[in-house]
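> Pasting the sequence and the predicted model now:
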Amino acid sequence: MKILIAVKRVADYNVKVRAKSDQTGPDLANVKMAINPFCEIAVEEAVRMKEKGIAEEVVAVSIGPHAAQEQIRTALALGADRGILVQTDSDLEPLAVAKCFKALCDKENPDMILLGKQAIDGDNNQTGQMIGALTGWAQATFASEINIDDGEATIVREVDAGLQTIKLKLPAVVTADLRLNEPRYASLPNIMKAKKKPIDTTTPEELGVDTTPRVTLLKATPPPEREAGVKVEDVAELVDKLKNEAKVIS
């Protein structure tokens, strides 16, 4: 069983990202970058499957600039076998990313594509679903538990009403939710081994993917500053302010 895992390069979640002064987008100059946290969960799950003997090969895929090799190396240190970088300096939209994965599927013939349910930069939550539509594979989003047996995947997924259990025939597309697992830390020996693992490089053009953007970013601005709160002496004053100042009750 071969698993393709998505490894997106994003600003570290501990960093407070600011907008550029010209409002053309987020200012990522000199910002610490890392693997998208949900992608890291997907990496961990794929590695666990390999350790259990379910998966034979785990391939980490990143789509981004040359520097995204750093995130692929991190995935390799966590246990992935090899990496593929689809190199582009453009900020690809989810549809273009999904088309890249579809092209890679045609070459790699994986049994499962495992990726985070969303990225913390765009928060689009679209790529996994689009890959499923383009490939025609079964899909399970927001997975909190994955079990593989006899060519089928039993997925427990988180929905608004609680938990839903579904069964898919492989190949399939699965997106990882927060409670799927707790990612491990890469050990120093594995970090050193990752430096020798292969990373293949291609481009969207070589994959035959049109990356022309379909959405135009008009401007990026920081959220307005929150006003300072006030303390009230008693419930009566609170109700009065909610009614007459905030006007949220009548």
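Structure's in. What do you need?
> What average pLDDT does stretch 77-85 get?
Taken as a whole, stretch 77-85 has a mean pLDDT of 96.
> What are the buried residues along it?
By 16 or more other Cβ atoms under 10 Å, the buried positions in stretch 77-85 come out as 77-81, 83-85. In this view, the C-beta of every residue, glycine as well, is placed from N, C-alpha and C.
> Next step: these restricted to helices.
Residues of those located in helices (DSSP state H): 77-78.
> Redo the buried residues of stretch 77-85 as TSV? Include distance to residue 133.
What follows is these, written out as TSV (distance: Cβ to Cβ, whole Å):
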residue	distance to residue 133
77	33
78	29
79	30
80	26
81	28
83	26
84	22
85	24
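> Out of the buried residues of stretch 77-85, which comes closest to residue 192?
Within those, the smallest distance to residue 192 is 8.5 Å, found for residue 77 (Cβ to Cβ).
> Report the contact partners of that closest one.
Going by Cβ atoms under 8 Å, 6 or more residues apart in numbering, residue 77 touches 186-187, 190-191, 193-194.
> Buried among those residues? Make that a PyMOL selection.
Only the buried entries of the contacts of residue 77 go into this PyMOL selection, using 16+ other Cβ under 10 Å:
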select buried, resi 186+194
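> Among the contacts of residue 77, which lie within helices?
Those of the contacts of residue 77 mapping onto helices are 190-191, 193-194, per DSSP H.
> what's the farthest-apart pair in these?
Pairwise over these, using Cβ to Cβ, the maximum falls at 191 and 193, 7.4 Å.
> related to what we said a few turns ago, of the buried residues of stretch 77-85, which is the nearest to residue 63?
Nearest to residue 63, judged by Cβ to Cβ, of the buried residues of stretch 77-85 is residue 85 at 7.8 Å.
> Now do the phi/psi pair for the spatially closest residue to the closest one that is not a sequence neighbour.
Excluding its sequence neighbours, the residue lying closest to residue 85 (Cβ to Cβ, 6 or more residues apart in numbering) is residue 201, at 4.9 Å. Backbone torsions for residue 201, taken as degrees, to the nearest 10, come to phi -120, psi 130.
> What is the neighbour count of residue 201?
12 (other Cβ atoms under 10 Å).
> and the gap between it and residue 167?
Here residue 201 is placed at a distance of 37 Å from residue 167 (Cβ to Cβ, to the nearest Å).
> Closest to residue 26 out of the buried residues of stretch 77-85?
residue 85 (22.2 Å).
> Please determine how far that closest one is located from residue 64.
Taking Cβ to Cβ, one finds residue 85 at 8 Å from residue 64.
> One more: residue 219?
From residue 219 over to residue 64 (counting by Cβ to Cβ), the distance is 23 Å.
> Which residue lies closest in space to residue 168, excluding its sequence neighbours?
Going by Cβ to Cβ, 6+ apart, residue 168 has residue 138 as its nearest residue, at 4.0 Å.
> Could I get the full set of strands for this protein?
2-6, 9-11, 18-19, 26-27, 33-35, 57-64, 82-87, 112-116, 138-149, 152-159, 162-169, 172-176, 199-202 (DSSP state E).
> So for residue 213, which of these sits nearest?
Comparison of these against residue 213 by Cβ to Cβ identifies strand 57-64 as nearest, at 14.3 Å.
> Strand partners (parallel or antiparallel) of that closest one?
Sheet partners assigned to strand 57-64 using DSSP bridges are listed as strand 2-6 (parallel), strand 82-87 (parallel).
> Could you export the ones you listed as a markdown table, including distance to residue 21?
Converted to a markdown table, the strands paired with strand 57-64 look like this (distance: least, Cβ to Cβ, whole Å):
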| stretch | distance to residue 21 |
| --- | --- |
| strand 2-6 | 32 |
| strand 82-87 | 29 |
